[in-house]
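[1] Got a sequence here, can you model it:
(one chain, ligands or ions: 1)
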Amino acid sequence: MSAAASSTSAAISGTSAAAEDNIADVSAEVAPYLEALEVIAEGYKADLAAAIAPHLATIQSAADRAVQAAKVETVMALVRDVQAYAAEHDDALLKGLLRAAASAIEKDPTDAGSIELIVGPMFSEKTTEMLSRVRRAALAGEPAVVVKWAGDTRYEAGAVVAAHSEVRQPSVPGSDACAPIRVVVARRLAAAELDEDELVVGVDEGQFYPDLVEQCEAWAREGRRVIVAALDGDFARRPFGAVCDLVPRCESVEKLRGVCMSCRKRDSVFSQRLSDSTAVVQEGGRESYRSVCRPCYFGKK
Ligand SMILES: [Zn+2]
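    Model (predicted):
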């Protein structure tokens, strides 16, 4: 027990008659110790911050790059280098910092990836919803890519995704207000080569891509957010392409409905072909297909 503490203890156990005087004495006696402790604590915190700052910045920026590129091995190699340095110099502070950094970095980078599926019949605004999510992400500063089915020239040719005449998405460069959105035209998703920082991917007409499941899964495992707009069923209400195979692999499924183009009263849920063709893929717009409710699909009114 220090001299100051034993003196404080003695003062506090003093008689009640002298209590007020003693408390004043104790305060005066303890004050310099408290001040000294504060100075030591401030100095300690400053030292700690100065020691950590350069390492934190290096590890954080490497971790950011690695998570984006899904190259955890690179960062772990860096951490191992610094760990070796810390062991050699017996730096306890650095060792503690590295333990924290390593546990943060070892988090699987695929945690950030996801697949969102937007399905529904024709004319249910699936593309509009997909583009809306992509645009929100771009407004939040995330560079995005939209993959357009190469065979789709119904509304607009070239690298412009068009949901209907009012909603269209060409490639746009980045600005202060919005990250860039790049539109690519492809017949296989794998042909859409993405940059490392393009972490949001919109897919239009998902039912047409032969590599839909494997490529969406690959992108999600790279840490990308994949948003797929697709017809879930064809005109005969059969599963369309690999869209339904994506369901057990995605984070969310939303089935949109339009307005029945026959009765115009109920929601539409199925696509109906107006011609007699039985080919599954017959591109066309309002002249070839309509979107109808269940009763109208079966010819009731
Ligand atoms: Zn109807």
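
[2] Do you have the helices of the chain handy? List them.
    3-12, 19-69, 72-89, 92-105, 126-139, 212-221, 243-246, 294-297 (DSSP state H).

[3] weakest of these in terms of mean pLDDT?
    Of all the helices of the chain, the minimum mean pLDDT falls on helix 3-12 (a mean of 40).

[4] Where does the prediction get shaky in the stretch 201-301 of the chain?
    277-286, 300-301 (pLDDT under 70).

[5] Can you tell me how far the residue in the stretch 1-150 of the chain that the ion sits nearest to is from R249?
    For the stretch 1-150 of the chain, the residue closest to the ion is P121, as judged by Cβ to the ion, at 11.5 Å. (C-beta placed from N, C-alpha, C; glycine too.) As judged by Cβ to Cβ, to the nearest Å, P121 and R249 stand 22 Å apart.

[6] Settle it for me: which of these two has more neighbours?
    P121 (29 against 13; other Cβ atoms under 10 Å).

[7] so who does the more buried one touch?
    Each residue near P121 by Cβ atoms under 8 Å, 6 or more residues apart in numbering is listed here: 231, 233, 257-258, 268-271, 291-292.

[8] Make TSV from the residues you listed and add neighbour count and distance to E116 to it.
    Compiled in TSV, these are given as follows (neighbours: other Cβ atoms under 10 Å; distance: Cβ to Cβ, whole Å):
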residue	neighbour count	distance to E116
L231	22	16
G233	18	19
R257	17	18
G258	20	20
S268	27	22
V269	22	20
F270	23	22
S271	24	21
S291	24	22
V292	26	26
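
[9] Give me the subset of the residues you listed that lies in strands.
    Assigned to strands by DSSP state E, the following of those qualify: 231, 258, 268, 270-271, 291-292.

[10] In these, find the pair that's most separated.
    Within the ones in strands among the contacts of P121, L231 and V292 form the most distant pair, 13.9 Å apart (Cβ to Cβ).

[11] can you list residues touching both of the two?
    121, 271.

[12] Can you list the buried residues in stretch 289-301?
    289-293, 296-297 (16 or more other Cβ atoms under 10 Å).

[13] Kindly identify which of these also come near the ion.
    293, 296 (Cβ under 5 Å from the ion).

[14] Distance to R136 for the buried residues of stretch 289-301 - can I get that in CSV?
    Listed next are the buried residues of stretch 289-301 as CSV, based on distance: Cβ to Cβ, whole Å:
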residue, distance to R136
Y289, 29
R290, 30
S291, 26
V292, 31
C293, 30
C296, 34
Y297, 34
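
[15] Nearest to L131 among the buried residues of stretch 289-301?
    S291 (18.8 Å).

[16] wouldn't the closest one be in contact with S124 here?
    Yes: between S291 and S124 there is a contact at 6.4 Å, judged by Cβ atoms under 8 Å.
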